[in-house]
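In: Generate a structure from the sequence data that follows.
(chains A and B)
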Amino acid sequence: SAVISQKPSRDICQRGTSLTIQCQVDSQVTMMFWYRQQPGQSLTLIATANQGSEATYESGFVIDKFPISRPNLTFSTLTVSNMSPEDSSIYLCSVEEQNTGELFFGEGSRLTVL
Amino acid sequence: GEDVEQSLFLSVREGDSSVINCTYTDSSSTYLYWYKQEPGAGLQLLTYIFSNMDMKQDQRLTVLLNKKDKHLSLRIADTQTGDSAIYFCAESPYGQNFVFGPGTRLSVLP
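Out: Have a look, this model is predicted:
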């Protein structure tokens, strides 16, 4: 299975600032996703990170708030822009195993916005 | 739309069996998954079952699938304190993104 590294693992941020989360995979993957897990909640898909083109956002998420980069098949970033306390969540990077369709997750980045 | 439901909490005594239940709605899902999330960690894929199977056993884990009722369960035999975590059921509808349940918080009492 793919090994996924995310950083930062956690951060405390001030309202109005932006933070970029990095996701590095140890192998080339086609499908890469960003999820949000709000406190005590399940996972919500933010967007699919597409290599070489704009990310595909789910309903309720927009590029201005969550810009995503995918420069190659092993790396992606998610930026949480102009943060407010409501953005305090765990943000998880995930990749889909091409042959089996299994979804693997990074350890997550826990953001707290004051 | 797709919906995955789970009970939110389960408490068992150490050494007993735990059974975590899940219902899903989309019969086109090829695979159904169980993920484990320990405190402060990401999600770990525990096991999965192909939709044409009724049962899958992997060491202490047994997955049962009732496709007619769209019911999935995860049984953990001889539950240990290290099994305390949140367990997420997930379906993967054909051509669509994963849908996760709300998670079941398993507490293992000594």
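
In: Quick check: beta-bridge partners of the residue most central in space within chain A?
Out: Nearest to the mean C-alpha position of chain A, counting by C-alpha atoms, centre = their mean, stands residue A:34 at 3.3 Å. Bridge pairing for residue A:34 (DSSP bridges) gives the partners residue A:47, residue A:93.

In: Show me which residues of chain A are close to chain B?
Out: Proximity of chain A to chain B is confined to A:1, A:4, A:6, A:33, A:41-43, A:45, A:48, A:58, A:92, A:94, A:100-108, A:110 under the rule C-beta under 8 Å from any C-beta of the partner chain. The C-beta positions use only the backbone N, C-alpha and C, and glycine is treated the same way.

In: Now the buried members of these.
Out: Applying 16 or more other C-beta atoms under 10 Å in any protein chain shown to the residues of chain A next to chain B, the neighbour count classes A:4, A:6, A:33, A:42-43, A:45, A:48, A:92, A:94, A:102-108, A:110 as buried.

In: Direction included, what does the least confident helix or strand in chain A by mean pLDDT pair up with?
Out: Comparing helices and strands within chain A by mean pLDDT, DSSP states H and E singles out strand A:103-105 as the least confident, with a mean of 91. As defined by DSSP bridges, the strand partners of strand A:103-105 come to strand A:89-96 (antiparallel).

In: The residue lying farthest from the centre of chain A and residue A:51, how far apart?
Out: No residue in chain A has its C-alpha farther from the mean C-alpha position than residue A:99, which lies at 22.4 Å (C-alpha atoms, centre = their mean). Distance of residue A:99 to residue A:51, given as C-beta to C-beta, to the nearest Å: 18 Å.

In: Pop out the phi and psi values for residue B:81.
Out: When read as degrees, to the nearest 10, the backbone of residue B:81 gives phi -60, psi -30.

In: Spatially, what comes nearest to it if we skip its sequence neighbours?
Out: Counting by C-beta to C-beta, 6 or more residues apart in numbering or on different chains, the nearest residue to residue B:81 once its immediate chain neighbours are dropped is residue B:108, at 5.0 Å.

In: Secondary structure class of that neighbour, three-state.
Out: Using DSSP: H, G, I helix; E, B strand; the rest coil, the three-state assignment for residue B:108 comes out as strand.

In: Is residue A:17 part of a helix or strand, or is it coil?
Out: Taken by three-state DSSP, the conformation at residue A:17 corresponds to coil.

In: How many neighbouring residues does the residue nearest to it when sequence neighbours are not counted have?
Out: The spatial neighbour of residue A:17 that comes closest, neighbours along the chain excluded (C-beta to C-beta, 6+ apart), is residue A:83 at 5.9 Å. A count of neighbours around residue A:83, defined by other C-beta atoms under 10 Å in any protein chain shown, yields 21.

In: Just the pLDDT at residue A:83, thanks.
Out: Residue A:83 is assigned a pLDDT of 97 by the prediction.

In: do residue A:51 as well
Out: Confidence at residue A:51, expressed as pLDDT, is 89.

In: cool, and residue A:12?
Out: 96.

In: What residues does residue A:72 make contact with?
Out: Contacts were defined as C-beta atoms under 8 Å, 6 or more residues apart in numbering or on different chains; by that measure residue A:72 touches residue A:51.

In: Phi first, then psi, for it.
Out: With angles defined as degrees, to the nearest 10, residue A:72 sits at phi -150, psi -170.
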